[in-house]
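based on what follows, work out the 3D shape:
(chains A and B)
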Amino acid sequence: MSSTTASAAALPADPQTPTAGVAKKPVDPRSAKRRKSLAQWGFIAPAVIFMALFFGYPLVRNIVMSFQDYSPSTFFTGEAPFNGLDNWNNVFSDGLFGKALWQTILFTVGSLLGQFCIGLALAVFFTRRFPLNGILRSLILLPWLVPMVVSGIVWRRIFDQDTGVLNSFLGTIGLPGDTPWLTSTSMALISVILVNIWIGIPFNMVILYGGLQEVPKELNEAAALDGASAWRTFRSVTLPMLKPVITVVLVLGFMSTVKILDLVLALTDGGPADSTQTLGTLTYQNSFVQMDFGAGAVVGNILILISAVFAVFYLRVNRNEGK
Amino acid sequence: MATTTQIPAAPAPAVHRPKRRWGATVFGVVVLAVMLFPLYWMINTALQPDASLVDVGPVPTGVDFSGFTSAITEQGANLLTSLAVALGAVAICLAISAPAAYGLAQFNLRGGKTIVFGTLITQMVPGIVIANALYSAYVDLGLVNSYFGLMLADASLGIPFAIVLMRSFMVSIPREVIEAAEVDGAGRVRTFVQVVLPMSRNSLITAGLFSFLYAWSDFMFALTLNTTDDVKPITLGIYQYIGAHVGDWGSVMAASVLSAVPAAVLLVLSQKYIAAGITGGSVK
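Next up, the predicted model:
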């Protein structure tokens, strides 16, 4: 956000521009200014309208929908009568909501912890100079660029209990090679988290690596001269300097993890026995499988509420960084 | 590309100990191998006949392209749909976000900051929530099962990011350059098209790349805004494929490989843009 203040400071020339336009046509300067600002808004208006339609409207519409009774026939008859708090009561009294909420928390916290720790370790590793560093570092990005639903399907194959390569590898090295990775209710969520950690590592690594480049080398050298161990230097010098970047990585990671849908659908479709159902997939199930868009909207609104808390947090971090 | 950007670091004492440096390289290769194993396995499975019946060997012994043949006959049309939808989404995205980024970077408009904040916030709205409301609006507007409808929805994935990214770049265009063009008699639009856009070429490419990747990987809008097979991108195609032909892993993996090709090509062609996009769009 630092750029906002920078652009404001670079704009003192603003009052000069209208006079150049006014000199040609002797018009009331106020209307010339208005025309200029109208023309300038012309650049921004399409984006504002688009975002109002594709982000603002859905937000409002979801709130309204959560008080309406949708059924499979709604889209033929166009009728979705208001039903008060029925949707909310139904969703909250169904045990599945609590389960999905809890699993969303486990999924999000587990994914973030794994992605972040491994991403940070790799970022630190790649700050060392060694041959092929650049090539290796950019190739690690590849998993992040494959469509998530495709990654999910590839992992589904790897995880297959009987014919998957993971179990046959584990069997070869003498470990139990018959783990039901995706088909047991106790393992499925862990497996989904593992895949999401794999997906998130490149993003975490790249951003944290960028942050590490900004940490002045002299600081680490000074600490080393003072006799601090490498670990001590990292903890007391590098980590505090990295804090703004860490916050951004975690918040962005949170935002993309909490709403995840593609990966879960590709790996388990929410099963077995709803053991990988999250708020994102529950919204999808309610709306697009049961065709109960009212119930879907309720879960969606909860998801927005959770995201909004973090959005506020994120904007705060961004604003503080500009100062 | 990345190697050249990496080298000009300070000459470290490690130069005197080349063995240790190669040790790090070996470790890096191991890490990379683990990270890329699923992608390798995807290609390996795609090249083996009867991949689902027996244990798949670690390397394809007899390379067999039948998986690819059936993937192309069954999913080729979906690949083209993905390409068309993604390119359309990129066009919409750039046409809408480039002028907005310029306006927000260079015009001192009242409310401009609020819009920038709003743009940041929109990146956090869960997609499934958007789809939930969009579906009924699309039904009313007749946009369900249409290319244009999906392009618009997919463009929404890239627009906030593109605005933030290009704006942070366009802020640094010196005001004198723009004023000079205007003094020379260029109108606002001409200044934008002939001066600002060429100067912002790199950020435009980065934004375009990312909106392409977002649209190409989109699964959620494809799944929710289509009720027939009229508009079926490759992501949706593979997902339905696996539901219908779980036995035929060779073809599923071949289709997966094909769907990953654009990402791989983009990575090779434009490494520096991708790295710039990941860091620039999210941190600045």
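
which parts of the stretch 51-200 of chain A are helices?
Applying DSSP state H, counting those that start in this stretch to the stretch 51-200 of chain A gives helices spanning A:57-65, A:74-77, A:86-93, A:95-126, A:133-139, A:142-145, A:148-159, A:165-172, A:188-214.

out of those helices, which is the most enclosed?
By mean neighbour count, with neighbours taken as mean count of other Cβ atoms under 10 Å in any protein chain shown, helix A:148-159 ranks first of the helices of the stretch 51-200 of chain A at a mean of 25. Where C-beta positions appear, they are placed from N, C-alpha and C, glycine not excepted.

which other helices and strands contact it?
helix A:165-172, helix A:188-214, helix A:262-267, helix B:18-46, helix B:201-217, helix B:234-244, helix B:249-269 (3 or more Cβ pairs under 8 Å, 6 or more residues apart in numbering or on different chains; DSSP states H and E).

and with 7 Å instead?
helix A:165-172, helix A:188-214, helix A:262-267, helix B:18-46, helix B:234-244, helix B:249-269 (3 or more Cβ pairs under 7 Å, 6 or more residues apart in numbering or on different chains; DSSP states H and E).

and of the ones you listed, who's closest to B:T114?
When those are compared by Cβ to Cβ, helix A:188-214 sits nearest B:T114, at 26.7 Å.

and the helix or strand just after the closest one, what's buried?
Using DSSP states H and E, the helix or strand that follows helix A:188-214 in sequence is helix A:217-225. Of all the residues in helix A:217-225, those buried under the rule 16 or more other Cβ atoms under 10 Å in any protein chain shown are A:N220, A:A223.

quick check: what element follows helix A:217-225 along the chain?
Following helix A:217-225 toward the C-terminus (DSSP H and E): helix A:230-233.

wait, B:R167 touches B:L104, no?
Yes. Applying Cβ atoms under 7 Å as the test, B:R167 and B:L104 come out as touching, 5.0 Å apart.

hang on, the earlier thing: now the helices of the stretch 51-200 of chain A as a markdown table including mean pLDDT?
Supplementary listing: the helices of the stretch 51-200 of chain A in a markdown table, determined by pLDDT from 0 to 100:
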| stretch | mean pLDDT |
| --- | --- |
| helix A:57-65 | 95 |
| helix A:74-77 | 81 |
| helix A:86-93 | 93 |
| helix A:95-126 | 96 |
| helix A:133-139 | 88 |
| helix A:142-145 | 84 |
| helix A:148-159 | 93 |
| helix A:165-172 | 89 |
| helix A:188-214 | 93 |
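
nearest to B:G111, of those?
The nearest among those, by Cβ to Cβ, is helix A:57-65 at 19.2 Å.

what does that closest one contact?
For helix A:57-65, contacts defined as Cβ atoms under 7 Å, 6 or more residues apart in numbering or on different chains pick out A:F293, A:G294, A:A297, A:G300, A:N301, A:I304, B:V125, B:V129, B:I130, B:N132, B:A133, B:L134.

do that again at 8 Å, thanks
Contact with helix A:57-65 is made by A:80, A:293-294, A:296-297, A:300-301, A:304, B:125, B:129-130, B:132-134, B:136-137, as judged by Cβ atoms under 8 Å, 6 or more residues apart in numbering or on different chains.

between the residues you listed, which sits nearest A:F54?
Closest approach to A:F54 among the contacts of helix A:57-65 (Cβ to Cβ): B:I130, at 6.6 Å.

so the closest one sits right up against B:L157, yeah?
No. B:I130 lies out of contact with B:L157 (Cβ atoms under 8 Å); the separation is 9.6 Å.

what touches both of these two?
The contact lists of B:I130 and B:L157 share no entry, where a contact means Cβ under 8 Å, 6+ apart.

just the angle for the top helix by length along chain B relative to helix B:249-269, thanks.
Secondary structure of chain B per DSSP state H: the longest helix is helix B:66-106. Comparing the axes of helix B:66-106 and helix B:249-269 via axes from the mean of the first three to the mean of the last three Cα atoms, to 10 degrees yields an angle of 40 degrees.

nearest to chain B: which residue in the stretch 201-323 of chain A?
The minimum distance from the stretch 201-323 of chain A to chain B, using Cβ to the nearest Cβ, falls at A:K259 (3.6 Å).

pLDDT wise, what is that residue at?
At A:K259, the pLDDT value in this model is 89.

not counting its neighbours along the chain, what's nearest it?
B:P126 (3.6 Å; Cβ to Cβ, 6 or more residues apart in numbering or on different chains).

so who does the one you found touch?
Listed by Cβ under 8 Å, 6+ apart, the contact partners of B:P126 are A:V258, A:K259, A:G280, A:T283, A:G300, A:L303, A:I304, A:S307.

on that earlier part again, which of the contacts of helix A:57-65 lies closest to B:M199?
The closest of the contacts of helix A:57-65 to B:M199 turns out to be B:V125 (Cβ to Cβ; 31.7 Å).

surely A:V192 and A:F107 touch.
Yes. With contacts counted by Cβ under 8 Å, A:V192 reaches A:F107, the gap being 6.7 Å.

identify the residues contacting B:W41.
A:V154, A:R157, A:I158, A:V165.

what sits against the residue lying closest to the last one once chain neighbours are set aside?
Nearest-residue entry for A:V165: A:I158, 5.5 Å, with adjacent residues in sequence omitted and distances by Cβ to Cβ, 6+ apart. If you count contacts by Cβ under 8 Å, 6+ apart, A:I158 has them with A:G164, A:V165, A:L166, B:P38, B:W41.

buried sites along stretch B:78-85?
Neighbour-count burial for stretch B:78-85 [16+ other Cβ under 10 Å]: B:N78, B:L79, B:T81, B:S82, B:L83, B:V85.

how much space separates A:T233 from A:A222?
Remark: distance between A:T233 and A:A222 (Cβ to Cβ, to the nearest Å) = 9 Å.

helices along the stretch 51-200 of chain B, start to end?
Counting by DSSP H, counting those that start in this stretch, the helices of the stretch 51-200 of chain B are B:66-106, B:112-122, B:127-141, B:147-170, B:175-183, B:188-191, B:197-199.
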